[in-house]
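model this:
(one chain, ligands or ions: 1)
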Amino acid sequence: MVQVEEPSVRQEAPAPPQAVSTWSGPAREQAVQRMFTAIAGVYDLNNTLLSFGLHYRWKKIAASFVTPVDQGTALDVGSGTADLALLVEPRMGAQGRVVASDLNYAMLAEGLKKVAGKGRANAITCLQASAEHLGFADNTFDAVTTGFCMRNVGNLPQAVSEIRRVMKPGGRFVCLEFSRPVFGWLRALYDWYSFTLLPWVGTKVARDRTGVYEYLPASIRTFPDQERLCQILRTAGFQHVEYRNLTGGIVAIHVAIK
Ligand SMILES: C[S@@+](CC[C@H](N)C(=O)[O-])C[C@H]1O[C@@H](n2cnc3c(N)ncnc32)[C@H](O)[C@@H]1O
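Got it, this is the predicted structure:
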């Protein structure tokens, strides 16, 4: 059965985006949530345009890091429009179950439409939950994935600890997130794209009022780089923490074992 809980996020005008990346805690989280509520309907299209179609390939590779389990249970945190949950579900076997959780009702509703449209509603449950307070019992899931969510949470160390708590011992956490390009020339090009071209397209072409075009690069710039994220995962108690860079480190997949 698929369930989306009642919305707890009100739809309001987005807060000034340039400030969002410098906030922390609940104020930041609320501003980020208002932004996702505003863009939910065009999120997939935006994602495809802004990543030149690469995001789906990145997600496929991330899903390939999930160990197949017969009758397995997996959780995709910050699942949004559920791409990663749909890619992970076949790896949990014919009787497997996946929970696609997200704090944002509007994003989750888009995910639910996609899951139902692909006939996977019997295997994937969409559930509104915060990454920092997942609400599942200890040691519940064989695997946890997350795609482009950790950058947005109000308290990253808490989210990572909470994810570890709900995983079974030996389970694998796969985190797909923007990171730091490894080549100087790529960093320069990427910075120009992020801080010059993207905001220009946002204001002049898309006439965007959600702030996503400013928030996206700012949130990427302030997110821990590859090594720092490894440290955060180890501090939370994860072992065998490793990462793989994709597209020159524009994104990285971190894999960690409970
Ligand atoms: C950039 S979208 C990524 C969606 C999807 N995973 C993907 O890869 O396309 C980030 C998602 O994380 C969710 N999110 C942000 N903060 C969250 C939190 N504290 N707890 C749960 N979800 C959160 C947002 O609502 C949004 O749906």
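
what's the pLDDT at V42?
We have a pLDDT of 88 for V42.

now do the phi/psi pair for L108.
Main-chain torsions, L108, degrees, to the nearest 10: phi -60, psi -40.

get me the contact residues on the protein for the ligand.
Within reach of the ligand by CB under 6 Å from any ligand atom, the chain has these residues: 29, 32, 36, 47, 78-81, 83-84, 102-104, 107, 130-132, 147-149, 152-154. For every residue, glycine as well, the C-beta is placed using N, CA and C.

in strands only, show me these.
D102, G147 (DSSP state E).

list buried residues within the residues of the chain next to the ligand.
Buried members of the residues of the chain next to the ligand, counted by 16 or more other CB atoms under 10 Å: 29, 32, 36, 47, 78-81, 83-84, 102-104, 107, 130-132, 147-149, 152-154.

G154 reaches E29, doesn't it?
Yes: using CB atoms under 8 Å, G154 is in contact with E29, at 3.7 Å.

other SSEs contacting the helix or strand harbouring R228?
Per DSSP states H and E, R228 falls inside helix 226-235. The elements that helix 226-235 packs onto, with contact taken as 3 or more CB pairs under 8 Å, 6 or more residues apart in numbering; DSSP states H and E, are helix 156-166, strand 167-178, strand 239-246, strand 251-257.

partners of the longest one, with directions?
Strands flanking strand 167-178 in the sheet, each with its direction: strand 141-147 (parallel), strand 251-257 (antiparallel) (DSSP bridges).

who touches it?
Residues from elsewhere that reach strand 167-178 (CB atoms under 8 Å, 6 or more residues apart in numbering): 58-59, 62-63, 65-67, 84, 139-151, 163-164, 220, 223, 229, 233, 238, 250-258.

narrow those to those that are buried.
Buried members of those, counted by 16+ other CB under 10 Å: 58-59, 62-63, 65-66, 84, 140-151, 163-164, 220, 223, 229, 233, 238, 250-258.

buried set for the host helix or strand of A109?
For A109, the element it lies in under DSSP H and E is helix 105-117. By neighbour count on 16+ other CB under 10 Å, the buried set for helix 105-117 is Y105, A106, M107, L108, A109, E110, G111, L112, K114, V115.
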